[in-house]
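>>> no sequence on this one, just coordinates:
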């Protein structure tokens, strides 16, 4: 057993404390350790798949905490995302389209835009709206200026459109 999940009514469960700086520091430590272990294996392909499909697996739970987060927590989130995915953007990850966008905004240090997208997600049921463009289908988020966002952060994969 690696994790034993508990949700307590008083909010004292470690899984309910993602907005604490201590929790985020610990999470980055475990992600660094896991990535180092995979990199030690020596396969570039395994490392790429791990970084894209596994390492980002629970990141959406942390991205959900951006609205209302402290400056310290935001700094830790931004620094960790840049450290772990800076050379290979979260736009390549297995996160859903909405969280790939939020992850890209975090990479870019765009706190207000990231918070606006997360708030929009929480206020609307279902996936983000989609639109078809000449370049292909992409998400549509009316709460930020999409002309300032990299196309890769908005695009949908064939199985998502």
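Yep, that arrived. Note that the structure is predicted; figures quoted are calculated from it, not measured. Residues are numbered from 1 along each chain as shown.
>>> Which is the succeeding secondary structure element to the host helix or strand of residue 49?
Element membership of residue 49 [criterion: DSSP states H and E] is helix 44-49. Downstream of helix 44-49, the next assigned helix or strand under DSSP H and E is helix 59-63.
>>> Distance from the chain centre to that following helix, please.
Offset of helix 59-63 from its chain centre (CA atoms, centre = their mean, to the nearest Å): 5 Å.
>>> Kindly report the same for stretch 130-144.
With CA atoms, centre = their mean as the basis, stretch 130-144 stands 19 Å off its chain's centre.
>>> Could you pull up the mean pLDDT of stretch 63-82?
For stretch 63-82, mean pLDDT is 96.
>>> Now do it: everything it contacts.
Residues outside stretch 63-82 that contact it (CB atoms under 8 Å, 6 or more residues apart in numbering): 18-21, 24-25, 27-28, 31, 59, 62, 90, 99, 102-103, 106-107, 109, 111, 114-115, 118-119, 122. Every residue, glycine included, has its C-beta placed from N, CA and C.
>>> What are the buried residues along it?
For stretch 63-82, a neighbour-count test (16 or more other CB atoms under 10 Å) marks 63, 65, 66, 67, 69, 73, 74, 76, 77, 78, 80, 81 as buried.
>>> what's the spacing between the lengthiest helix in the chain and its chain's center?
If you go by DSSP state H, the chain has its longest helix at helix 21-41. Between the centre of helix 21-41 and the centre of its chain there are 15 Å (CA atoms, centre = their mean).
>>> That helix - contacts with which helices or strands?
Contact here means 3 or more CB pairs under 8 Å, 6 or more residues apart in numbering; DSSP states H and E; on that basis helix 21-41 packs against helix 44-49, helix 71-85.
>>> Could you export these to JSON lines, including columns for distance to residue 37?
Written out in JSON lines, the entries for the helices and strands packed on helix 21-41 read as follows (distance: least, CB to CB, whole Å):
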{"stretch": "helix 44-49", "distance to residue 37": "10"}
{"stretch": "helix 71-85", "distance to residue 37": "14"}
